[in-house]
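Asker: My questions are about this predicted structure, shown below with the sequence.
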Amino acid sequence: MSRAAEFGVYVAQRRLHLYRSAWLLCGDSHRAEDLVQETLTKLYLAWPRVSRVDKVDAYVRRMLVNANIDESRRSWRRERLTAELPDTLVPAEVGEVADELWSALRALPAGQRRVVVMRHYWGLSVEQTASDLGVSAGTVKSQTSAALTSLRRTLGTELVTPPAAIASGNRGDA
Amino acid sequence: MNDLNLLSDRLDQLGRSAPTPAVEPLDDVRRGQKALRRRWACGAAGVATAVVAVGVLSAIVNLPGDPGDPNNPGSDSPGSTARPRIEAASGTVSSLCLQESSRLLEFGQTPETVRSPDPRKAEERRPEWEHPAVAPQLAAYGQVAAAILDSSGTHLDTRVTNVQYGCDPQNVRLTSLGTTFGWTSSGARGMVQLEVVSPEHSEKPQIVISHDRWIATKENLPAGVTKAWATEYHGGRAVYVERQDGLTVAVDAVGTWGNNVAPGSPQARDLPTIAKLLRVAAGESLTLPED
């Protein structure tokens, strides 16, 4: 099977999950799509190497996170000019999800939002998260603690109250 | 169920509610192919399609997930900071292939996220087209191209400024090698791209993948060529041949340098003919180096 065909199969299977992950990381649907496109382009270039190592999803996850880190540092690339600092809340887009967790997540600094997604959406351990981010386990723990404190303060009982319909199924396993 | 489990469930549900943009399924493939073609045209260093060689010769390469690797307890985490110990003799094809495989440990990292200082030796930081294993061969490619395509010496720039190569994971030898040369004509800069691929290579030459509407050429084939195909496309033309020595050689001549050319930019004209490109592809010096 050619590179294009193999890659196409992988994209068909995983793109939706990648986009959802990027959306949670970025807090913005347009930036999330940019992130996914950038990540998949890099993956295509490296496909002959990556596809032979049985951890394609882990590599893609790492590329997505690194692209998110780079993107957050390059605030000048933001398409919407704003006087706000890069890590502050972006006004909700028309038609976006009305969910208090979504608002609370987007209100977190980018680094804290990142560890929440990695730890509690992807289900990574402290050590895995630290390795992917290139930081110490202590930093991951402190960022997680700060993020959860903010979420609990913002959501109050919302965090512990199950939503009306919790969708069952596989948790993100990038 | 504690609140962290509920948080995970709610994040999962939140993710499922993400407003998903409409995407064309093949767009990601097209973007990747375009980026691949662009990589050929850039003078950037060190972009290769090497395949990881594990446990070959006396080299030891730590890959994420390798069982029994005491230095890599987080086996699910790619990009371990462990550095490989490359023991192949420097300057050989093996050292070039193993040098590339070590870059897998930095895969996905950007300059901002690489924390460790680059411990690579000086010879590993030089441009890969200057590596002793390939530099003479690439120079030979230029000489063949110049002799056939540009006897006047006015069009072809035979300086080597990039390389594309692939390695065999079992034997740590090159299965593909290629480069591009500048072609100047009518005050504009185009390029001639060469690619030599062995039967062991995992895919067709990139030049073949990048174009379609290949037409088989059966007449007046150069000596040593068993089959040949050619294509004319907007702004260029290309050939690829299967040779009696088993190699597949592709040559592409295009009137622009790179894929990000602004509309209306002048294009190099007087590109080499199909017949001349076929003669280049048949060139005996277009082979793959071996240790």
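Answerer: Nice, thanks for sending it over. Numbering: from 1, shown residues only, chains lettered A, B, ... in the order given.
Asker: where does the stretch 151-291 of chain B come near chain A, residue by residue?
Answerer: For the stretch 151-291 of chain B, the contact set with chain A under CB under 8 Å from any CB of the partner chain comprises B:166, B:169, B:202-204, B:209. (Glycine included, C-beta is placed from N, CA and C.)
Asker: can you list these in a markdown table and add pLDDT and distance to B:Trp257?
Answerer: Formatted as a markdown table, these follow (pLDDT from 0 to 100; distance: CB to CB, whole Å):
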| residue | pLDDT | distance to B:Trp257 |
| --- | --- | --- |
| B:Gly166 | 81 | 24 |
| B:Pro169 | 66 | 33 |
| B:Ser202 | 70 | 28 |
| B:Glu203 | 74 | 25 |
| B:Lys204 | 79 | 24 |
| B:Ile209 | 76 | 20 |
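Asker: Which two among those are spaced furthest apart?
Answerer: Farthest pair in these (CB to CB) is B:Pro169 and B:Ile209. Separation: 20.4 Å.
Asker: These two: who's more crowded?
Answerer: It is B:Pro169, of B:Pro169 and B:Ile209, that has more neighbours when counted by other CB atoms under 10 Å in any protein chain shown, with 20 against 16.
Asker: tally of neighbours for the closest residue to chain B within chain A?
Answerer: Of chain A, the residue with the smallest distance to chain B, taken as CB to the nearest CB, is A:Tyr44 at 2.5 Å. Applying other CB under 10 Å, we find 24 residues neighbouring A:Tyr44.
Asker: Identify the residues contacting it.
Answerer: A:3, A:7, B:28-29, B:31-33, B:35-36 (CB atoms under 8 Å, 6 or more residues apart in numbering or on different chains).
Asker: Same check on B:Gly246?
Answerer: Per CB under 8 Å, 6+ apart, neighbours of B:Gly246: B:198-199.
Asker: For it, what are phi and psi?
Answerer: Backbone torsions for B:Gly246, taken as degrees, to the nearest 10, come to phi 90, psi -10.
Asker: from the chain's centre, how far out does the helix or strand of chain A with the lowest mean pLDDT sit?
Answerer: Lowest on mean pLDDT, DSSP states H and E among the helices and strands of chain A sits helix A:56-73, with a mean of 86. Centroid separation for helix A:56-73 versus its chain: 8 Å, with CA atoms, centre = their mean, to the nearest Å.
Asker: Check which residues of it are buried.
Answerer: For helix A:56-73, burial by neighbour count (16 or more other CB atoms under 10 Å in any protein chain shown) applies to A:56-72.
Asker: first vs last residue of stretch A:103-115, how far apart are they?
Answerer: 17 Å (CA to CA, to the nearest Å).
Asker: surely B:Asp291 meets B:Cys97?
Answerer: No - applying CB atoms under 8 Å, one finds B:Asp291 not in contact with B:Cys97, separated by 9.9 Å.
Asker: With neighbour numbers in mind, choose between those two.
Answerer: B:Cys97 (31 against 16).
Asker: which residues of chain A fall in helices?
Answerer: A:3-26, A:29-50, A:56-73, A:100-107, A:110-116, A:126-133, A:137-155 (DSSP state H).
Asker: Present these as CSV; the columns should include distance to B:Pro272.
Answerer: Output for the helices of chain A, formatted as CSV (distance: least, CB to CB, whole Å):
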stretch, distance to B:Pro272
helix A:3-26, 28
helix A:29-50, 28
helix A:56-73, 39
helix A:100-107, 56
helix A:110-116, 52
helix A:126-133, 48
helix A:137-155, 57
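Asker: Can you tell me the strand partners of the lengthiest strand in chain B and which way each runs?
Answerer: Criterion DSSP state E: the longest strand present in chain B is strand B:174-185. Within its sheet, and counting by DSSP bridges, strand B:174-185 is paired with strand B:156-157 (antiparallel), strand B:164-167 (antiparallel), strand B:188-197 (antiparallel).
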